[in-house]
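Engineer: Structural data only, the sequence is not supplied:
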């Protein structure tokens, strides 16, 4: 069974540009959540999508957006990039969405974004 | 509010010696707690989880953790470290269904294993 696939794995952008990252969840998983990981802030929750609907959102500015398609694949977009957006962006999928008694997420290897 | 504190940012052990990674939590109700591991340039992988069943939880790769309510701790242990255990470990508390409705990750503990 294929795991969570994130593309691209590495990318370099300049300030002001925008970027789109893609995540393909494990087959059958309907929930996709996104996290930003930086050395200073650790893992920060961006948002979660379930059946094409955003169910939860973290404390990030509106420049960060996402969507989920009918096949559960998800994309996140960051517009007007800033230096501080340099990070590892992790996508995680779960079977039926996050629940208090499971919390089990299956993570991809991440997309490492460098903003110059 | 739910929170976790990982007490050590770095831990170094010798191969074959025990591992102890410390985590304290704060929760207004009975929490669900997890340990995840992240190897270099990889995503996170669930090691084990506590969801109010047995207080001693066994996970993958010989790791286990004990939930101690009186100490509000959920420390991760392994009797004998292996070189392949070198990674970053995250303690996580669930606030799903709570105020933030998300998983809350600790700041991580980087485990180094010396030959």
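Structural biologist: Looks like it arrived, so ask away. Not measured: the values here are computed from a predicted model.
Engineer: For residue A:35, see how far away whichever residue of chain A sits closest to chain B is.
Structural biologist: Nearest to chain B in chain A, going by C-beta to the nearest C-beta, is residue A:107, at a distance of 3.2 Å. To be clear about C-beta, it is placed using only N, CA and C from the backbone, and glycine gets the same treatment. The span separating residue A:107 from residue A:35 equals 8 Å under the rule C-beta to C-beta, to the nearest Å.
Engineer: Identify the contacts common to the two.
Structural biologist: Residues touching both residue A:107 and residue A:35 (C-beta atoms under 8 Å, 6 or more residues apart in numbering or on different chains) are A:90, A:91, A:92.
Engineer: now, which of these lie close to chain B?
Structural biologist: When C-beta under 8 Å from any C-beta of the partner chain is applied, the members of those adjacent to chain B are A:90, A:92.
Engineer: could I get the shared contacts of residue A:107 and residue A:35 as a markdown table with neighbour count, secondary structure and distance to residue A:43?
Structural biologist: Shown next, in a markdown table, are the shared contacts of residue A:107 and residue A:35 (neighbours: other C-beta atoms under 10 Å in any protein chain shown; DSSP: H, G, I helix; E, B strand; the rest coil; distance: C-beta to C-beta, whole Å):
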| residue | neighbour count | secondary structure | distance to residue A:43 |
| --- | --- | --- | --- |
| A:90 | 25 | strand | 7 |
| A:91 | 30 | strand | 12 |
| A:92 | 26 | strand | 10 |
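Engineer: Format the shared contacts of residue A:107 and residue A:35 as CSV; extra columns: pLDDT and distance to residue B:17.
Structural biologist: What follows is the shared contacts of residue A:107 and residue A:35, written out as CSV (pLDDT from 0 to 100; distance: C-beta to C-beta, whole Å):
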residue, pLDDT, distance to residue B:17
A:90, 95, 31
A:91, 95, 36
A:92, 92, 32
